[in-house]
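> One predicted model, sequence on top.
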Amino acid sequence: MAILRWDPFTALARMDPEFDELMRRSFGNTAGSAGYVPAIDMVRDGSDVVISLELPGVDVEKDVSIEVEGHRLAIGGERRGDFERTEGDENRRVIVREQRYGAFRREFALPEHVTADDVAATYDKGLLTVRVRNVTRPAPEPQRIAVQHVSQPLQVTAESESGER
């Protein structure tokens, strides 16, 4: 009788692609390339709102769009990865892929008075910063209402159903 040694890593390596395929069939193309959903921070700065998105390695001029559509701010684009094999490079293959790549789109509701002219964006060191000006308006100051004096008291009369007083 031959003794076979069980290697758990080999079993896991076989199960990984099978699990990925099961997830793709069940939920669409989610396993391994679930797309990219950049993390955001949103803060209020006075009357402005500042949205920061983590977009490391993204060419913002080519792969990112920022649009105001109606009363929505839409930030979309794609984070690309270099995984294509080139001719003569048959030995190159991905061993571990933890970084996310793919198309993304984030949308934010805007107040009615905000237009595209109120939106500005900058990109520095992998961080896209979108500033939306004048999102919050200061609360109006309470207004005092003057009470008028009535020289004659009001007379209340009731009408009967027939219209007589």
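Good, I have the coordinates. Numbers count the residues shown, from 1 in each chain.
> Would you map the strands across this protein?
Taking DSSP state E as the test, the strands found in the chain are 40-45, 48-54, 64-69, 72-79, 102-109, 119-124, 127-132.
> and the third one, what other elements does it pack with?
When contacts are defined as 3 or more Cβ pairs under 8 Å, 6 or more residues apart in numbering; DSSP states H and E, strand 64-69 sits against strand 72-79, strand 119-124. (C-beta placed from N, C-alpha, C; glycine too.)
> packing partners for the longest one?
Using 3+ Cβ pairs under 8 Å, 6+ apart as the contact criterion, the elements in contact with strand 72-79 are strand 48-54, helix 60-63, strand 64-69, strand 102-109, strand 127-132.
> Break the chain down into its structural domains.
Using automatic domain parsing, the domain parsing of the chain gives 1-34, 35-81+98-137.
> Show the average pLDDT along the first one.
If I follow you right, that is domain 1-34. Domain 1-34 carries an average pLDDT of 58.
> which residues sit in contact with A103?
Counting by Cβ atoms under 8 Å, 6 or more residues apart in numbering, A103 touches 35-36, 76-78.
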